[in-house]
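# Make a model of this:
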Amino acid sequence: MDLRIQRTRKNIINAFIELRASKPLEKITVKELSDLAFINKATFYTHYKDIYDLAEQLENEAIASVLNDIPHPEYLVTHPKQGILELTSAFLRQGNLFNILFSGTRQGILIERIENNLKQKIYSIYPEYKTNLEKELLLSVLIQGNFRAFISHTDEDFDKVIAILRNISECIMQNCNHN
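Numbering: from 1, shown residues only. Next up, the predicted model:
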């Protein structure tokens, strides 16, 4: 890719993240983003259809990065303590970017897409989880429950929160495997 195109794209992304950190997606205009990125509106439109297209591309990249950082998604089922550690560590590696991209009304999109993608990876290894309602719901509880609990306790001692979530997940899986 041409160096100028890369630089322009980086300027657009940086300007978007700066604006998104301080306001909802719906309030960002192409004009203010273009001004902040030192480009004209036409240049923006050569790269993206609109603000939502830019947001979606960045969200997709961030989600793909998280999923790629989870080496063993099946561990949520087979080794839940390790699976939860991999899941939460992958979120943490994204740093503040997730908080910016998926703030406000966008937070639900994040967990829904992470859940759907993780389930597909697990289904490819354990197809019975897709056809068994109890197992499918179990995955939803493990993924969504851990994510929401983790996100709502970020002001707590990180290691303690992770240890508790890992133990809870292990208990859930042990109880489900014995029934």
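# Outline the domain layout of the chain.
Following automatic domain parsing, one finds the domains of the chain at 3-48, 57-178.
# Could you export those as a markdown table, including mean pLDDT?
Listed next are those as a markdown table, based on pLDDT from 0 to 100:
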| stretch | mean pLDDT |
| --- | --- |
| domain 3-48 | 94 |
| domain 57-178 | 88 |
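# okay, the ones you listed in TSV with mean neighbour count next?
Glycine gets a C-beta too; all of them are placed from N, C-alpha and C. Below are those laid out as TSV (neighbours: other C-beta atoms under 10 Å):
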stretch	mean neighbour count
domain 3-48	15
domain 57-178	16
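# If I look at Asn179, what pLDDT would I see?
For Asn179, the pLDDT comes out at 55.
# ok, and what's touching the helix or strand Leu76 falls within?
According to DSSP states H and E, Leu76 maps onto helix 75-78. Helix 75-78 is contacted from outside by 82-84, 86-87, 118, 122, 126, 129, 139, 142-143, 169, 173, using C-beta atoms under 8 Å, 6 or more residues apart in numbering.
# try 6 Å this time
Gln82, Gly83, Leu142 (C-beta atoms under 6 Å, 6 or more residues apart in numbering).
# So which residues of this structure form helices?
3-20, 30-37, 41-47, 51-68, 75-78, 80-93, 96-101, 107-125, 128-131, 133-140, 146-151, 158-178 (DSSP state H).
# which residues are contacting the longest one?
Taking contacts as C-beta under 6 Å, 6+ apart, the residues outside helix 158-178 that touch it are Pro80, Lys81, Ile84, Thr88, Leu138, Leu142, Asn146, His153.
# Asp50 versus the closest residue to the second one other than its chain neighbours, what's the distance?
In space, and not counting its chain neighbours, Lys81 is closest to Arg166: 4.2 Å by C-beta to C-beta, 6 or more residues apart in numbering. The span separating Arg166 from Asp50 equals 42 Å under the rule C-beta to C-beta, to the nearest Å.
# again, but for Glu32
Applying C-beta to C-beta, the value for Glu32 to Asp50 is 14 Å.
# Equivalent analysis for Asn117, please.
25 Å.
# With Leu118 instead?
From Leu118 across to Asp50, the span is 29 Å (C-beta to C-beta).
# Equivalent analysis for Glu86, please.
On the measure of C-beta to C-beta, Glu86 and Asp50 end up 35 Å apart.
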